[in-house]
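A.B. asks: Prediction below, plus the sequence it came from.
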Amino acid sequence: MPYVNKAGFIFIIASLLLSACNSGKSGERWYNETQVIKGKKIYLANCISCHLDKGAGSENWKVSLEDGSYPPPPLNGKAHTWHHSTEVITKIINEGGAPYDGHMPPFKEVLNEEEITSVISYIQSLWSDEIYEIWKERDIESRKN
């Protein structure tokens, strides 16, 4: 075992503590590029017909249709998707949009858990850093409750 003097030991400990403090720093996201690429493919196969290219969604997503339902909202950070925790987003994908006055079909028989996680990573990759950071704080708070 190599010899480390007191100053060297303190430097090593301080470096470890600083790196631990920065592990959740602003700008870092929970997903990786591979998940985003896979999520985009799944999105293109299952979601684009309603939520449009790059999650643009319907222009008038807040205005109810004649039947009282709402059109597909943007998923790119311009609507309310970022207000929802990961748990709620997963539930909406699994169970569909009916509980939220939408027509989105349930995907629980179509997509597995890993695929849903990948789709969520793609959707969140469309969000600005500012929107993502707000979502992250809200998501952390929802896990505490």
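C.D. replies: Cool, got the structure. Computed from a predicted structure; not experimentally measured.

A.B. asks: What segments of this protein are helices?
C.D. replies: Assigned by DSSP state H, the helices in the chain fall at 6-21, 33-46, 48-51, 86-95, 113-125, 129-144.

A.B. asks: so which of the ones you listed is the most packed in?
C.D. replies: Highest mean neighbour count of these: helix 113-125, a mean of 20 (counted as mean count of other CB atoms under 10 Å). C-beta here means a position set from N, CA and C on the backbone, and glycine is covered the same way.

A.B. asks: pLDDT (mean, whole number) over that one?
C.D. replies: Here helix 113-125 scores 98 as its mean pLDDT.

A.B. asks: Reformat the helices of the chain as TSV; add distance to Asn76.
C.D. replies: Shown next, in TSV, are these (distance: least, CB to CB, whole Å):
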stretch	distance to Asn76
helix 6-21	31
helix 33-46	11
helix 48-51	9
helix 86-95	14
helix 113-125	8
helix 129-144	9
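
A.B. asks: and the gap between the spatially most central residue of the chain and Ser69?
C.D. replies: The chain has Gln124 as the residue nearest its centroid, 4.0 Å off, counting by CA atoms, centre = their mean. According to CB to CB, to the nearest Å, Gln124 and Ser69 sit 25 Å apart.

A.B. asks: same check, this time on Arg29
C.D. replies: For Arg29, the distance to Ser69 equals 32 Å [CB to CB].

A.B. asks: swap in Lys144?
C.D. replies: From Lys144 across to Ser69, the span is 33 Å (CB to CB).

A.B. asks: Repeat that for His84.
C.D. replies: Taking CB to CB as the measure, His84 falls 18 Å from Ser69.

A.B. asks: Please apply the same query to Lys136.
C.D. replies: Lys136 sits 30 Å away from Ser69, going by CB to CB.
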